[in-house]
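**Student:** got a sequence here, can you build the structure:
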Amino acid sequence: MSYERHSGGYGGGGRRRRRGDDHDHYDFRREAPESPDQKLKSAIIKFGEVDAEQELPTLASRIRSHEASSIPVVAEAFRLAVTEQPYKTPFYAALLYNLSLPTNEGEENGSASGGQPTLGRQVLDDFWKGFQAYLDKLAWRETRLCIHFFAHLTVAKVISPQSMLGLLQSFTAVLDEFGVSNGRAKRAARCAAEGLMRAGPVLKDHSAAAVIEMITSVQAYNDSVKGAKWLVHPLVRLNPEEIPTEHADEILDSAVSALRSLDLSDFADVSSIFPQPYLGMDSLTAPPFDLPSVLVPPEIIELESLSTDSGEHAPIRKEEWPEYMLRLFDNDVTADPKISAGYVVRADLLDIVEIFEVNRKECARILVEYPKWSIRGTFKPRPGDPTDTPDRVPLPGRDWQLESTIIETILGAQFLLPDSPAKPIYYIALITELCKLSPSTVGPAVGKSIRKLYSYCADGLDTEVLRRFAEWFSVHMSNFGFSWVWKEWIPDLALPSQHPKRTFVQRALELEIRLSYYDRILKTLPEPFQDPAAGAMPDQAPGPTYDYEDSTAPYYDLAQSVLNQLRSRMKPEDVLAHLDSLKNTLSETADGTEDPDAIVRALTIQSLLHIGARSFSHFLNAVERYLTVLRALAAPPDAKAHLLTLAASFWRRSRQMICIVFDKLMQYQIVEPADVVAWAFANRASGLEWDVLRGAVDKANGRVVVARRKVVALRKDEDDARAKANAGGNADATAMEVDAETMHGTDHPEAPTEDSPQLAQALKAYSAVQREQKSTLARVLEGFVHALHSSSDTPRRVVAPGAWDTHASWGDEEWAAWQTWIWYKHFCRVYAPYLRSFVTTLTVVSFASLESATDDSATLMNKVWRMSTGQE
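**Tutor:** The predicted structure follows:
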């Protein structure tokens, strides 16, 4: 492209500007025009964006006038609309109802006399095929949303009650399967419960006994998972018999409560919960559609399905646990999930948040417009809404605040334990979009949520939830100028330094500094927070600490000699020779109280990190250039622990860099994950560094994932090669049609089944990383056993009966022990899939010291272990 300036003034005379001058990278090729089928499909999906009731007759006429061969197109559009826009489901049921009305004599009597069925019946028949495909794939969300659609059609008398009952009973039958997983049972129970909520009036009239039996089945299963609920409740009580009933609601608990309340009223409230636009239409003359009977296919667990794309993070079976949604507001402010109307609102909002993960801006818009699709009076009108009049009569028990309900729902999903359904940054970005879309209404809801979560820090908030809360708070503040009313929290600076409120403040400010810079964050704080003695802000910006910067430091000259060697990029073998000479010199001059190897190791590690401190690329280049030096330094016994301590000391003002350096040392196999685990427990004086511990465990698990992938790929290649060899290579295809006896005869010997050298090597590597994984998990459990049972009496005191009643007077030791207990719970629940794989070995190796112990600490540790690994 030429940048030459052509002559000519501003008034003209120059060359004519071409379109491509301003759009060098834009493709001006015309997009292919939409086909009539695509236009119809788009119109169905966009149905109701302005006014669903007015659009319905027009869209129905357009569908009828389309070609008869477009039934699959229409059915696919309905499937997409119902599963991706669930808030519109009642209106799509009304649209299908309209299509089920006869338009001529042949259609009117066709279903009964064998003539042409109505258009609606044909669409529903094709829709069912798509539902069956969802069910076969165990696509639970799509299956559940299709059941919503069928339930509305049952109320509209398009679908027969007996077939709808049979469909829901096939899902409650899953709850009685032997050894059914919690994830499978929970999803099946929600399918049945939410279908009953919508079709309950018709189904109970048809068979009250069947409805009561299904509700009882769901409740019986829900009552059977009490232990798992205790493990994942966001407000912790260390007594397994105590599950807080306030400030959090479990989804299946809420569904059962909502169903029970509806059943007591014979489902009379359904019409005030769900829009039912189909009830005022003309009556159908054709008999209702009978849904075919189905069986929910069994759960198929494949090892490879547990692997992650990156291969570096642990696969977590999030669906295996109950789902507690944290509550931040009273029931008269936000939707109460224990009543049917509140449960439906929260379920709809959760589905919207999950479905629109790919487009947070669109998700924010739809969330704000949600009242359009709900019964009027469910939410308070927004300021300036025409319906906000003095004579407005809200629905009894509702009139909730939309924005507070939305924020509470999003944060509830973000703080689900053991892990959130989507990446935490999605929920953070979504709340930011909502604040930009409606700052005057969403902003106050966010502020109230922050204050409520902060108050929970002193009421047993799980340390993992606290960690995510700090991340959300810091990122949210960075998006809005780091402005917060910090003076509200000044009195809490007098609390012990290990108090959860103090821990939150320290973590949040540390993350804010990462997102900006030290001086800017310091200026946003009131003076009490700026004082380093308060423990909120560090006394200086994050950065390295080179112990040999000062010429008066011990061994300054030796450190400079090593530093000059590294700066000159001397060969590794020359550096090693220089280090050996330093050791000899120190051995000759040492007084016997100092270890020459440790001194030389400190000089080298500090100098190497000092060179790499300028940037991440400098650090990687230095490590890669002197790998042999680092491995030699880490070879002696206890050297790895010393090396990690040196690295942590160099970056003691930046916890982020400690994690990064440790990760790279593990990546280059200078240290092993088990070494990092041991270091984390040995250096927990100011609290267990969960980020360091998690990084080590994820590294060990990630290596297994990568090795397993390689084995699977090689084995598949070899199986394909053997199959091709057995098929006769390029022989004529007809030659493959041989008798079975001939295939197993001596004239056609099978291909050799020995593994190739590549596969044998991969299997050997896989076994090695599995042993490393087991060793790392065992080391973590041993560390927790020592920290919580053997090291001191404090961990026992905080779990003694009635100990939580005195938590207001706890000091640093008690709060540090309490946080370690919660990290133990979190480790067991988040890595449960791996722990269950080695449950027998880990029980024998790691819990041997607890075998005969009967104190409260040992009892609780065993209880958490058995619950997490499915032993009770």
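
**Student:** quick one: Leu620 is in a helix?
**Tutor:** Yes - per DSSP: H, G, I helix; E, B strand; the rest coil, Leu620 lies within a helix segment.

**Student:** leaving out chain neighbours, which residue sits closest to it?
**Tutor:** Distances taken as C-beta to C-beta, 6 or more residues apart in numbering place Lys664 nearest to Leu620, at 7.0 Å, with adjacent residues excluded. For the C-beta atoms, the positions are set from N, CA and C on the backbone; glycine is no exception.

**Student:** quick check: the one you found touching Ala622?
**Tutor:** No - contact criterion C-beta atoms under 8 Å: Lys664 and Ala622 do not qualify, at 10.4 Å.

**Student:** those two: which is more packed in?
**Tutor:** Ala622 (21 against 17; other C-beta atoms under 10 Å).

**Student:** pretty sure the more buried one is touching Ile611, no?
**Tutor:** Yes - here Ala622 reaches Ile611: they are 5.0 Å apart, a contact under C-beta under 8 Å.

**Student:** wait, Thr432 sits on His476?
**Tutor:** Yes - applying C-beta under 8 Å, one finds Thr432 in contact with His476, separated by 6.7 Å.

**Student:** what's the closest residue to Val446 other than its chain neighbours sitting at in phi/psi?
**Tutor:** Excluding the flanking residues, the one nearest Val446 by C-beta to C-beta, 6+ apart is Ile407, at 5.9 Å. When read as degrees, to the nearest 10, the backbone of Ile407 gives phi -60, psi -40.

**Student:** relative to Pro322, how far out is Ile407?
**Tutor:** Ile407 sits 23 Å away from Pro322, going by C-beta to C-beta, to the nearest Å.

**Student:** and if you look at Ala700?
**Tutor:** From Ala700 over to Pro322 the distance is 28 Å, taken as C-beta to C-beta.

**Student:** these two - which one has more neighbours?
**Tutor:** Using other C-beta under 10 Å as the criterion, Ala700 and Pro322 rank with Ala700 on top: 26 against 22.

**Student:** list the buried residues of stretch 177-192.
**Tutor:** 180, 182, 184-192 (16 or more other C-beta atoms under 10 Å).

**Student:** oops, could you answer that again for stretch 134-153 instead?
**Tutor:** 134-135, 138, 140-153.

**Student:** so where's the chain shaky on pLDDT?
**Tutor:** Applying pLDDT under 70 to the chain flags the ranges 1-31, 68-69, 104-115, 240, 301-319, 590-592, 728-753.

**Student:** hmm, try it at 50
**Tutor:** Counting by pLDDT under 50, the chain has low-confidence residues at 1-26, 28, 105, 108-113, 302-316, 733-751.

**Student:** just how off-centre is the helix or strand hosting Ala94 within its chain?
**Tutor:** Per DSSP states H and E, Ala94 falls inside helix 89-100. Between the centre of helix 89-100 and the centre of its chain there are 35 Å (C-alpha atoms, centre = their mean, to the nearest Å).

**Student:** what sits up against it?
**Tutor:** 44, 47-48, 52, 56-57, 59-60, 63-64, 78, 81-82, 118-121, 123-124, 145, 148-149, 152-153, 156, 158, 274-278, 281, 284, 286, 373 (C-beta atoms under 8 Å, 6 or more residues apart in numbering).

**Student:** residue ranges of the strands in the stretch 251-400 of the chain, please?
**Tutor:** 324-326 (DSSP state E, counting those that start in this stretch).

**Student:** just the buried residues from the contacts of helix 89-100, in ChimeraX please.
**Tutor:** For the buried members of the contacts of helix 89-100, the matching ChimeraX selection, counting by 16+ other C-beta under 10 Å, is:
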select :44,47,48,52,56,59,60,63,78,81,82,118,119,120,121,123,124,145,148,149,152,153,156,158,274,275,276,277,278,284,286,373
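
**Student:** just the contacts of helix 89-100: which are in helices?
**Tutor:** Among the contacts of helix 89-100, DSSP state H puts 44, 52, 56-57, 59-60, 63-64, 78, 81-82, 119-121, 123-124, 145, 148-149, 152-153 in helices.

**Student:** next, count neighbours for Phe379.
**Tutor:** When neighbours are counted by other C-beta under 10 Å, Phe379 comes out with 23.

**Student:** show me the contacts for it.
**Tutor:** Contacts for Phe379 (C-beta under 8 Å, 6+ apart) come out as 371, 398-402, 405.

**Student:** repeat that for 6 Å
**Tutor:** 371, 400, 402 (C-beta atoms under 6 Å, 6 or more residues apart in numbering).

**Student:** swap in Phe415?
**Tutor:** Shown in contact with Phe415 (C-beta under 6 Å, 6+ apart): 234, 326, 465, 468.

**Student:** helix, strand or coil for the residue lying closest to Phe473 once chain neighbours are set aside?
**Tutor:** Using C-beta to C-beta, 6+ apart and skipping residues adjacent in sequence, the residue nearest Phe473 is Ala508, 5.0 Å away. Following three-state DSSP, we place Ala508 in the helix state.

**Student:** quick one: Ala508 from Leu525, how far?
**Tutor:** 11 Å.

**Student:** and what of Met537?
**Tutor:** In terms of C-beta to C-beta, Met537 sits 7 Å off from Leu525.

**Student:** check what contacts stretch 593-609 and list those residues.
**Tutor:** Counting by C-beta under 6 Å, 6+ apart, 547, 558-559, 562-563, 566, 579, 582-583, 586-587, 622, 633, 646, 650 sit against stretch 593-609.

**Student:** now render the buried residues of stretch 177-192 as CSV, adding secondary structure and distance to Ser792.
**Tutor:** CSV is the format used below for the buried residues of stretch 177-192 (DSSP: H, G, I helix; E, B strand; the rest coil; distance: C-beta to C-beta, whole Å):
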residue, secondary structure, distance to Ser792
Val180, coil, 42
Asn182, helix, 36
Arg184, helix, 43
Ala185, helix, 41
Lys186, helix, 40
Arg187, helix, 44
Ala188, helix, 46
Ala189, helix, 44
Arg190, helix, 45
Cys191, helix, 49
Ala192, helix, 50
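
**Student:** nearest to Arg779, of those?
**Tutor:** Asn182 (28.4 Å; C-beta to C-beta).

**Student:** that closest one touches Pro322, doesn't it?
**Tutor:** No - checked against C-beta atoms under 6 Å, the pair Asn182 and Pro322 is beyond contact range at 7.2 Å.

**Student:** mind giving me the packing neighbours of the helix or strand harbouring Gln761?
**Tutor:** For Gln761, the host element (DSSP H and E) is helix 757-785. Packing partners of helix 757-785 (3 or more C-beta pairs under 6 Å, 6 or more residues apart in numbering; DSSP states H and E): helix 673-682, helix 690-726, helix 839-846.

**Student:** what comes up buried for that helix?
**Tutor:** 759, 762-763, 766, 769-770, 772-785.

**Student:** neighbouring contacts of the next helix or strand after that helix?
**Tutor:** Per DSSP H and E, the first helix or strand lying C-terminal to helix 757-785 is helix 794-797. Residues outside helix 794-797 that contact it (C-beta under 6 Å, 6+ apart): 788, 813, 817, 857.
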